[in-house]
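A.B. asks: give me coordinates for this.
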Amino acid sequence: DFADRSDAYRRARLRAQRLIATYFPGANLLSVIDRTQTAMGGRLLRRWLRNPLLNTTEIHRRQESIGWFKENRDERRVLSEILSNIKDLERLSSRAKANFISAYELRALSQSLEFIPKIKAILKKDVARFSQLLAHLPDCAETAKLIAEIRKLSNEARWYLLVVGSGATLVIVALAKRFI
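C.D. replies: Here you go, the predicted model:
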């Protein structure tokens, strides 16, 4: 069953590549369909194209989620505005974990985390549809608040805390809270 679906996927991908080559010379599938507005969205789309879903239940769940945003234009617009204010959380959190984050990036991380509760509020309008996503989306308000407290410290104290923090964002935040 898996092999049949995998072969069907390969055939469909080849057909799509031929159509793209015919109508969009020099383009590839990603360049034709990519209308993402954030670096995180672009990476997610590339992952989805490289590793497509084979589970029909998951495919339908994803399609229903997309359909919900198509039907709920106001929520889609608000979410788009929120996402436009969020910096690259994947990159920023990686830099924080590596203990290699600048003061500017720390501020961007804090400000971006403050938008997560707003995203969750939109998704909670249809908990049944978005329950899986909501379960994996942490509430970052407290972390954002603690990072904001770090930002209030002098540059020397902030740098000391980042060096002492052992690279884990939560460790950095805990140390900062102890010193504040």
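A.B. asks: if we go by neighbour counts, what in stretch 120-135 is buried?
C.D. replies: Lys120, Ile122, Leu123, Phe130 (16 or more other CB atoms under 10 Å). For the C-beta atoms, the positions are set from N, CA and C on the backbone; glycine is no exception.
A.B. asks: in CSV: those residues, plus secondary structure, pLDDT and distance to Glu81.
C.D. replies: Shown next, in CSV, are the buried residues of stretch 120-135 (DSSP: H, G, I helix; E, B strand; the rest coil; pLDDT from 0 to 100; distance: CB to CB, whole Å):
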residue, secondary structure, pLDDT, distance to Glu81
Lys120, helix, 93, 15
Ile122, helix, 95, 11
Leu123, helix, 95, 15
Phe130, helix, 92, 18
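A.B. asks: just those residues now: which is nearest Ala144?
C.D. replies: For these, the minimum distance to Ala144 (CB to CB) is 13.1 Å, reached by Lys120.
A.B. asks: and for the strand or helix carrying Ile20, what's in contact with it?
C.D. replies: In this assignment (DSSP states H and E), Ile20 forms part of helix 2-23. With contact meaning CB atoms under 8 Å, 6 or more residues apart in numbering, helix 2-23 is reached by Ala27, Asn28, Leu29, Val32, Pro52, Leu54.
A.B. asks: pull the most distant pair out of the residues you listed.
C.D. replies: Farthest apart among the contacts of helix 2-23 by CB to CB are Ala27 and Leu54. That separation is 25.9 Å.
A.B. asks: tell me where the protein has helices.
C.D. replies: 2-23, 29-33, 39-50, 56-71, 73-84, 89-97, 103-113, 116-123, 127-136, 141-152, 155-164, 169-179 (DSSP state H).
A.B. asks: mean pLDDT lowest where, among those?
C.D. replies: Lowest mean pLDDT of those: helix 169-179, a mean of 44.
A.B. asks: tell me the centre residue of the protein?
C.D. replies: Met40 (5.0 Å; CA atoms, centre = their mean).
A.B. asks: my guess is it contacts Lys87. True?
C.D. replies: No: with contact defined as CB atoms under 8 Å, Met40 does not count as touching Lys87 (9.3 Å).
A.B. asks: measure the residue sitting furthest away from the middle of the chain to Ile33 for me?
C.D. replies: Here the centre of the chain is the reference, and by CA atoms, centre = their mean the most remote residue is Thr22, at 33.2 Å. From Thr22 across to Ile33, the span is 16 Å (CB to CB, to the nearest Å).
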